[in-house]
Structures are given as C-alpha cells and as structure tokens.
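J.: sequence and predicted model, in that order:
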Amino acid sequence: MLAYLIRRILVNIPLLIGITFIVFMLASMMPGDAVLAMISTDTPVSDEMIKMRRGELGLDLPLPVQYLRWMSNVVRGNLGYSFVSAESVSQMIAIRIPATLELMGVSLLISIVLGVTLGAISALKQYSFTDYSFTIFGFVGISIPDFFLGLILVFIFAIKLGWFPTSGFQTAGQEFSVFDNLRHVFLPALALALVRTAVFMRYTRSSILEVLGNDYVRTARAKGLKETIVIVRHIMRNGLIPVITIIGISLGVLFAGSVIIETIFQWPGIGMMFINAVTGRDSPVIMGYVLLTAVIVLVANLVTDIVYSVADPRIRYE
Amino acid sequence: MSQLLQIKNLKVTFRSDGALIRAVNGISYSVDEGESIAIVGESGSGKSVGVMALMGLIPNPPGKIESGEVFFKGRDLLKASSAELRAIRGKEIAMVFQDPMTSLNPVLPVGLQLTEAIQAHMGLDKDQARERAIKMLALTGLPNPEQRIKDFPFQFSGGQRQRIMIAMALVCTPDLLIADEPTTALDVTIQAQIVELMRELQSELGMAIIWISHNLGLVAGVVTRVIVMYSGFIVEQAPVDDLYERPLHPYTLGLLHAVPHVDVNSQNRLASIEGMPPDLRKPISGCPFAPRCPYRIEKCAELPPLFDAGDGRQSACWRWQELQTATTFGETL
C-alpha cells in the first residue's frame, strides 16, 4: 500500500510540471501584460518607463526562461510576489483559502447528503411518483448554470424573503460569529451544490438499481434480515462504491466552479483573487492559483483511490 | 412422519411489457419433515418461482401470487405479515442458491454474512455468533474456518463458496432447506462433493430438503420423491425409483432419454425433446406438452387433471394407464 502511494505521488510530479507549463504559456498569450494593465489611460506613461518596469518584473525575458525562474522558486517553496500589490502569493493564498474551503466543504456536504439520499430513495422506489419527481429535479439541476441559480436564490431568499444576506462573509461591523458566517455561506454553497446534487443523485440511483438485481441481495433477504439491514449493509454498501469516484472527480470542478460563485456573492475566497489576477495580468498570482488547483485535483484523485480501496476489498487485495 | 409443508393450488404470474406470464399454474404438493424431494424441469418450467413464492421472495411488481395456500407447520405463509415471514426466512426455511459466485456479498467478510443471520434469529451476542459460524463452516468441511472467517468471498474457490452458502443456510438449523440448483455453477467433481455434503448434513441435522434441479441424474441418489414440472404445471410426481423405472408422463420419458450415458461405442446423438416449451404469455388450453408429444391424441386438446395413479404416484397425462400397462415402454403406444 505504501509503495503504491509513493509511486502514485511520484507519477503526479511530471503531471504538475506539464500542467503549469501549459497554463504559463497560455497566460502569456493573453493580450497585454501586467505593466499595461497597471497604466491608466488618463496619465500617459513613457515607453521608457514601461520598458523599465517590464525589466524589473522579468517580463522581457524569453518565456521558457520566465517559466524556469518561476519553477525554480516554486521548488524552493516560494510562489513569488504579486506584480500588482507586491504581496507574497503564498500569503495571499493562505489568507483566502479558508473561506474557499469552507464554501466548498459546505457545498459538498449539501450535495453528498442530498444527492445520495434522493438517489437512494429514487432507486428503492423505482418508477414511483417520487422517483419521477426526483428525476425531473435532477434534470433541472444539471441544466441550470450555477451562477444563474445563485442570482435566483439571492432574489428569492435574500431580497424577497430576507432570510439570508445577499453577499459577503459576515455581517459588516459585527463581531465574527459562526452562526452569522453560516447564514452567509448558505446561499452560495447551495447554488454551488445543486449541479453536483443532481449528478450524485443520478449516479446513486443507477448504481443502486444495478445492485438491487444482484443475487446477494436476494440472499440477504432469504436470511430473514431486517429490511433496513438489507438496504444499508447490502444495497447501499455496494451501491455507493462507484459514487465515491464521482465525488472525487467533482472536487476539482467544484474548486473551479467556486470562482464564479465567489464573485457573485462577494465571497472573500481564492476565486475572487483569481479573477482579479486575470484582469490585472498578475501572472505570479495566476500561476499560484493554477498550481494550487492542480495539486488539489491530484490529491483528490489520490484520496479517491485510497477511499475506494478501503471500501472495496477486491481492489485492496490486488 | 408429519407434514411440514403443504402447497395448494399455487398460481404465480409475472407482468412483463404488458404481457402476463403464467409462471406457475396452480401447483400442489407437500413435503414431510426430514424428507427430501426433487423438483425437476427445464428452464422456465416454474420450478424456482414456485419455491421463491413460498419464501416471499417474488418481487412484486412484476411478480404476483394470484392464488393458493402455502401451509408451513400449519401456518399459511401467503397470509403472513412481512415481519412474520422474515422471522421464518433463514430460521425455519433457508435457501442455497445456484451461483455461489454472485450469491455472496462481495464486499463483506464471509464471517459477517454468517453471523448476521445468526444474530437476526438466535439472539446470540457477537462472540457466540462467531463461534457458531466457525462451527458451521467446519461442519461443511471448509478448511481452517477460524482464520478464513475474516476473508472475503473472492478469496475462495467456487466449491468453497458453495460450502459457505450451505453453512449460511444451515446456521440456524432450519426445518426446510431449499436448494435451488446448488451445483449447476460448479465443476462436475465439485458437484458430487457438494451433493454428498448436503446428504451428510441432512442425516446429521435432520432437515427436509427440496432440491430444485434440471439434472435428473444428480438428484436420483439423494431424494425419495420427484416432482416433474413443465411450463408451470406439475406433470408427474412419483417415488424416485418408480419414476426412473416407469415414467407415467411422456415428458418425463423425454427427460430420462436426455440424460447422457457413458457408452464408448455409442454413435448416437444425445436424445432431445423436439420443439420448444409453450409461450407462457399465451393461455394454455390443452395439455401443455401436447405440441411436442409423440403420443398425442385428440383428447390432449383438453387440459388433463393430475391423475392419482396409486402408490403415491400422480400423472397429468390422459394416457397414463396405457403407459403403466405397456410392456415395452413407448413402442407399444
């Protein structure tokens, strides 16, 4: 198991290099650069000045050299400094990541609990009215873009009903309280959760339906076990194994999806930082964000594999 | 010996794509305590569905028990609540299924799959249940049960898995064991071992066994009575030796001819029954076997009742008396 883990981690290293290199090149292809983004059209700046500033930031070097400089710093644990604010990128990420992780965590929790429960009920009551209603809900959920849903939620629950705040991390001017913070996270988390709820629901449903027809479910019933034991121990235990993979895969998408939702809800997370960095052509921040995303996705895949092998002994013993 | 199970006029249908499939068409039979009988027939003859119905294991929908009574120790199982049925399943009536590869839960250790049945019925604590599971596995001849109880199904061979299935079925010492083609998925040598094992366990534990099989040769040595089913009907019932010696139904005769014999000089093709079983989606008016029967007469357009042929024999053939008195079987008809 340990050897397997080490091998998996080592395999990810060239992958990380490849991902960051490609993104670095793409980011450099965007029109304009950090220096041009800083200039206001009202006050003209001489070409000399621009050239000087570019030289300071290292933007005049060939791209591969720029990349290698960035990489050699990363290896030493230095993600560089923002072109715009001169803040340390790792510092910027460290400040904002807790808010993003909170949003992701709450959203993931909502979608797993809702998705798996609804999917299981749907499967166990196949072709019933409940099943059809859930299926329609799932279809709608997959079809609505999350930013649009976010706006609808704000309109209904924040503006019309006034149950939740429209945006932000906590009520301004108040001392931080967990309850207040949870009220703020609820709407963006829900908006972010809907698509995944629908996806988890559909996977859970089909996976459990597949398990239902298995001989060992009949065996469990023939043993005279209570229906709850049959469902939990024999049906769910087997039916949820494939769902683990889907949840794992969705983590990366969730991280990326939070960018838009954070912007809509003024959530002070890493997504907003990234949007600002892109408009400012702040490539150290962009690259810091990309590296973080890549690491999160790769770690999520690794964790998924581990959880999978714990859940399924047939994988574990191979 | 007193009667353990009595089935009266059991009818089971399935609904599939709008069509009504008559899987079991009013069968009646009984099993005494400690007796072992066989129900034989080809695929789709309703032999499995008939016993699943008495276990309450027919999924509804699409399956439906149309009518009938199933008395087990005097109680009608078809009128029992699901909680009452659950208390009987696994405890008083247990089942061994056809395919041991798929009938065990792949992600649970086999020990748990045994102890959960024990704990559901016997009120033992974890350690006692574990002890009992080990004892039962040892009884079925599984080597090293104390260690292997922690293993998962995929770590066992097919024969071992069927031993585990048998241990699981017998763990609460049921009065009736239903063995639904327990050897079909196994190698021939393992088949013989499993049959032998079940015979030993029966003499040790004293339960009644219903063998469901399509293999007349396999059950011949282990049962006292055979019920032959065809397209949802019982067509013949007889003590095992009488059935082999002198079948009273052309279908049974066909089945017996279809049992391959070891004969090095034989150049003959394996005998088979011409034609196909009737489409169960259509109502059957006459004798269900008539279209394939070489001894068909006009009378066969009418559904024959199950005639009592004496000596504990029954046949659903209009010509059973002729079959009984014919000197050289078949040829004189």
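T.: Nice, thanks for sending it over. Numbers count the residues shown, from 1 in each chain, chains lettered A, B, ... in the order given.

J.: neighbours around A:Phe186, how many?
T.: By the criterion of other C-beta atoms under 10 Å in any protein chain shown, A:Phe186 has 18 neighbours. Yep, even glycine has a C-beta here, placed from its N, CA and C like the rest.

J.: ditto for A:Lys160
T.: Other residues lying near A:Lys160 total 9 when counted by other C-beta under 10 Å.

J.: same question, A:Thr20
T.: For A:Thr20, using other C-beta under 10 Å, the count is 18.

J.: do the same with the one 4 residues further on
T.: Counted with other C-beta under 10 Å, the burial measure for A:Phe24 works out to 20 neighbours.

J.: same check, this time on B:Glu33
T.: Neighbour number of B:Glu33 under other C-beta under 10 Å is 15.

J.: was I right about A:Gly150 contacting A:Glu262?
T.: No - here A:Gly150 does not reach A:Glu262: they are 10.1 Å apart, not a contact under C-beta atoms under 8 Å.

J.: overlap in contacts of these two?
T.: A:Pro188 (C-beta atoms under 8 Å, 6 or more residues apart in numbering or on different chains).

J.: convert the C-alpha atoms of stretch B:218-236 to PDB, please.
T.: Backbone C-alpha positions of stretch B:218-236 (Å, rounded to 0.1, in the frame of the first residue of the first chain) are rendered in PDB as follows:
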ATOM      1  CA  LEU B 218     -27.800 -35.800 -10.000                       C
ATOM      2  CA  VAL B 219     -30.900 -35.900  -7.700                       C
ATOM      3  CA  ALA B 220     -31.600 -39.600  -8.200                       C
ATOM      4  CA  GLY B 221     -29.300 -40.700  -5.400                       C
ATOM      5  CA  VAL B 222     -30.400 -38.100  -2.800                       C
ATOM      6  CA  VAL B 223     -34.200 -37.800  -2.800                       C
ATOM      7  CA  THR B 224     -37.100 -40.100  -2.100                       C
ATOM      8  CA  ARG B 225     -39.600 -38.400  -4.400                       C
ATOM      9  CA  VAL B 226     -39.500 -36.500  -7.600                       C
ATOM     10  CA  ILE B 227     -41.900 -33.800  -8.900                       C
ATOM     11  CA  VAL B 228     -41.600 -33.100 -12.600                       C
ATOM     12  CA  MET B 229     -42.700 -29.600 -13.700                       C
ATOM     13  CA  TYR B 230     -43.500 -28.400 -17.200                       C
ATOM     14  CA  SER B 231     -44.500 -24.800 -18.200                       C
ATOM     15  CA  GLY B 232     -45.800 -24.100 -14.700                       C
ATOM     16  CA  PHE B 233     -47.700 -27.300 -14.200                       C
ATOM     17  CA  ILE B 234     -46.800 -30.400 -12.300                       C
ATOM     18  CA  VAL B 235     -46.900 -33.200 -14.900                       C
ATOM     19  CA  GLU B 236     -45.800 -36.100 -12.800                       C
END
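
J.: tell me what the helix or strand hosting A:Ile50 is packed against?
T.: Per DSSP states H and E: A:Ile50 is located in helix A:47-57. Secondary-structure packing of helix A:47-57 (3 or more C-beta pairs under 8 Å, 6 or more residues apart in numbering or on different chains; DSSP states H and E): helix A:34-38.

J.: what pLDDT does residue 89 get?
T.: Because you didn't say which chain, this covers chain A. With respect to pLDDT, A:Val89 scores 87.

J.: that's the other chain; I wanted chain B
T.: 91.

J.: with the one 10 residues further on instead?
T.: Each residue has a pLDDT score; the one for B:Asp99 is 85.

J.: my guess is it meets B:Ala185, correct?
T.: Yes - the criterion here is C-beta under 8 Å, and B:Asp99 meets it with B:Ala185 at 4.5 Å.

J.: look up how far A:Ile306 lies from the residue most central in space within chain A.
T.: Residue closest to the average C-alpha location in chain A (C-alpha atoms, centre = their mean): A:Phe255, at 1.7 Å. Taking C-beta to C-beta, to the nearest Å as the measure, A:Phe255 falls 19 Å from A:Ile306.

J.: what does chain B have sitting close to chain A?
T.: B:55, B:57, B:86-91, B:94-95, B:97, B:99, B:102-109, B:116-117, B:120-121, B:152, B:154-155, B:165, B:168 (C-beta under 8 Å from any C-beta of the partner chain).

J.: ok, of those residues, which come out buried?
T.: B:55, B:57, B:86, B:88-91, B:94-95, B:97, B:99, B:102-109, B:116-117, B:120-121, B:152, B:165, B:168 (16 or more other C-beta atoms under 10 Å in any protein chain shown).

J.: closest residue of the stretch 151-300 of chain A to chain B?
T.: A:Gly224 (3.3 Å; C-beta to the nearest C-beta).

J.: and that residue, which of the three is it?
T.: When classified by DSSP: H, G, I helix; E, B strand; the rest coil, A:Gly224 comes out as coil.

J.: could you report the neighbour count for it?
T.: Using other C-beta under 10 Å, A:Gly224 has 24 other residues around it.

J.: per-residue pLDDT, B:Gln202?
T.: Predicted confidence (pLDDT) for B:Gln202: 89.

J.: please apply the same query to B:Val262.
T.: 63.

J.: who's in contact with the helix or strand bottoming out on mean pLDDT in chain A?
T.: When each helix and strand of chain A is scored by mean pLDDT, DSSP states H and E, helix A:34-38 comes last, with a mean of 74. Outside of helix A:34-38, the residues within contact range by C-beta under 8 Å, 6+ apart are A:Ile50, A:Arg53, A:Arg54, A:Leu57, A:Leu59, A:Phe83, A:Val84, A:Thr279, A:Gly280, A:Arg281, A:Asp282, A:Ser283.

J.: could you dump these into JSON lines with pLDDT and neighbour count added?
T.: Output for the contacts of helix A:34-38, formatted as JSON lines (pLDDT from 0 to 100; neighbours: other C-beta atoms under 10 Å in any protein chain shown):
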{"residue": "A:Ile50", "pLDDT": "79", "neighbour count": "16"}
{"residue": "A:Arg53", "pLDDT": "78", "neighbour count": "19"}
{"residue": "A:Arg54", "pLDDT": "78", "neighbour count": "16"}
{"residue": "A:Leu57", "pLDDT": "77", "neighbour count": "17"}
{"residue": "A:Leu59", "pLDDT": "78", "neighbour count": "19"}
{"residue": "A:Phe83", "pLDDT": "81", "neighbour count": "24"}
{"residue": "A:Val84", "pLDDT": "81", "neighbour count": "17"}
{"residue": "A:Thr279", "pLDDT": "86", "neighbour count": "10"}
{"residue": "A:Gly280", "pLDDT": "84", "neighbour count": "18"}
{"residue": "A:Arg281", "pLDDT": "84", "neighbour count": "22"}
{"residue": "A:Asp282", "pLDDT": "85", "neighbour count": "28"}
{"residue": "A:Ser283", "pLDDT": "83", "neighbour count": "25"}
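
J.: let me know the closest of those residues to B:Ala80.
T.: Distance to B:Ala80, by C-beta to C-beta, is smallest for A:Thr279 among the contacts of helix A:34-38, at 71.7 Å.

J.: what residues are up against the closest one?
T.: A:Ala37.

J.: ok, it to B:Leu124 distance?
T.: 69 Å.

J.: in stretch B:110-130, what counts as buried?
T.: Applying 16+ other C-beta under 10 Å to stretch B:110-130 flags B:110-121, B:129-130 as buried.

J.: what about the helices in chain B?
T.: B:47-55, B:82-88, B:110-122, B:126-139, B:145-148, B:158-170, B:188-205, B:216-220, B:240-245, B:250-257, B:320-325 (DSSP state H).
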